[in-house]
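Novice: Build the 3D model from these lines:
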Amino acid sequence: MEKQTAGSGWYQEEGKSPVSLEPGTVITIPANVKHWHGAKQGTWFSHIAIEVPGENTYNEWCEPVSDEEYSMLK
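Specialist: Model prediction:
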């Protein structure tokens, strides 16, 4: 789970439309879902991420979002 606390950002799961993040937005991310999140252009954002403990769990950092993909967000 992630909760947006300040600023303005984007969240997007692979193959789905981006979701605008504003303070108070809560996103629940299912296990094994490839996604990214970051600040909107010209701003910043802060969030709190909570991970539920489990067995055989890990975090995998994937490739960065390309400048082309990022610039298409409105």
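Novice: Please make it C-alpha for all contacts and neighbour counts, starting now.
Specialist: Will do.
Novice: Next, the contact list for the most centrally placed residue in the chain, please.
Specialist: Nearest to the mean C-alpha position of the chain, counting by CA atoms, centre = their mean, stands residue 37 at 2.5 Å. By CA atoms under 8 Å, 6 or more residues apart in numbering, the contact list for residue 37 reads 9-12.
Novice: out of those residues, which are buried?
Specialist: 9-11 (16 or more other CA atoms under 10 Å).
Novice: any idea what residue 70 is structurally, helix, strand or coil?
Specialist: Judged by DSSP: H, G, I helix; E, B strand; the rest coil, the three-state class of residue 70 is helix.
Novice: That one: neighbouring residues, count only.
Specialist: Other residues within reach of residue 70, judged by other CA atoms under 10 Å, total 13.
Novice: Next one: residue 56, what pLDDT does it get?
Specialist: As predicted, residue 56 sits at a pLDDT of 79.
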